[in-house]
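**Q** got a sequence here, can you build the structure:
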Amino acid sequence: MRYLTIALTKGRLAFKTMELLEQIGISCEEMKDKNTRKLIFTNEELGIRFFLAKANDVPTYVEYGAADIGISGKDVILEEGRKLYEVIDLGTGRCKMCVCGPESARERLKHHELIRVATKYPNIAKDYFYNKKHQTVEIIKLNGSIELAPLVGLSEVIVDIVETGSTLRENGLTVLEEICDLSARVIVNQVSMKRENERINKMIRDLKQLLARQADTV
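**A** Now for the predicted structure:
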């Protein structure tokens, strides 16, 4: 039996995912060692192996078949635009992708003015402004604190993830438009879906039943 390979996003999402998987009988003792420097973890009994990757890389591993299954944030899936199947919304890490800025920028958005948009997510921003709003904007890619851009005059607005909105408020910014809801998703390689159909479908089914049960108890 070949290994079923699962790519997990490093950090909090990996732990959350493993907690869910354990509840459907998929565990990996090796991963519980906080001091390990290993990159690949195996459960021989189940024929499953796991590896941890940077968030942006998970969809790439899945598209190219280095991982059969991946757990990734919807923001990364949209930004990377890889060819893969998105099969389950795990509901963890819920937040929104929004257009934010000072209140004064609201009118400029409404009137479809040519403005500058700073963001870590140029593809999502492009799709939203060009394809959904049909507004021409200049998109500036940044990697650090996006909130800084409108404060120093680099851009009129930003496109960023908003969880509580407290960082925005502290900097005199507000949500002007909502683009989409975000959360952790299960993604599957297109070839693996056919080749490992039975094993993958069982995992999907078990996860969906678990999430439904959890939703009922809330």
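**Q** which one's the longest strand in this structure?
**A** Looking across the chain with DSSP state E, the single longest strand is strand 174-182.
**Q** where does pLDDT dip in this structure?
**A** 218 (pLDDT under 70).
**Q** ok, which stretches of it are helices?
**A** Secondary structure of the chain (DSSP state H): helices at 12-23, 58-63, 74-80, 106-110, 122-126, 148-151, 166-170, 190-195, 197-217.
**Q** how many neighbours does Arg185 have?
**A** 20 (other C-beta atoms under 10 Å). Where C-beta positions appear, they are placed from N, C-alpha and C, glycine not excepted.
**Q** go on, Ser192?
**A** Neighbours of Ser192 under the rule other C-beta under 10 Å: 20.
**Q** tabulate the CA atom coordinates of stretch 37-54 in CSV.
**A** Output of stretch 37-54 as CSV, limited to C-alpha atoms (Å, rounded to 0.1, in the frame of the first residue of the first chain):
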residue,chain,number,x,y,z
ARG,A,37,13.6,18.5,13.8
LYS,A,38,12.1,15.9,11.5
LEU,A,39,10.3,17.2,8.4
ILE,A,40,8.3,14.0,7.5
PHE,A,41,6.2,12.1,10.1
THR,A,42,4.8,8.6,9.4
ASN,A,43,2.0,6.5,10.8
GLU,A,44,3.1,3.1,9.4
GLU,A,45,0.0,1.3,10.6
LEU,A,46,-2.3,3.6,8.7
GLY,A,47,0.0,4.1,5.7
ILE,A,48,-0.2,7.8,6.1
ARG,A,49,2.6,10.4,6.2
PHE,A,50,2.5,14.0,7.1
PHE,A,51,4.8,16.9,6.4
LEU,A,52,4.8,20.6,7.6
ALA,A,53,5.1,23.3,5.0
LYS,A,54,4.8,27.1,4.8
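**Q** buried ones in that stretch, by neighbour count?
**A** Buried residues in stretch 37-54, counted by 16 or more other C-beta atoms under 10 Å: Phe41, Thr42, Asn43, Ile48, Arg49, Phe50, Phe51, Leu52, Ala53.
**Q** which of those residues fall within strands?
**A** Using DSSP E, these in strands are Phe41, Thr42, Asn43, Ile48, Arg49, Phe50, Phe51, Leu52, Ala53.
**Q** would you point out the most distant pair within the residues you listed?
**A** Using C-beta to C-beta, those span at most 18.1 Å, a distance reached by Asn43 and Ala53.
**Q** hey, what's Ile139 bridged with?
**A** Beta-bridge pairing of Ile139 under DSSP bridges involves Val117.
**Q** care to break the chain down by domain?
**A** With domains defined by automatic domain parsing, the chain comprises 4-93+183-217, 95-180.
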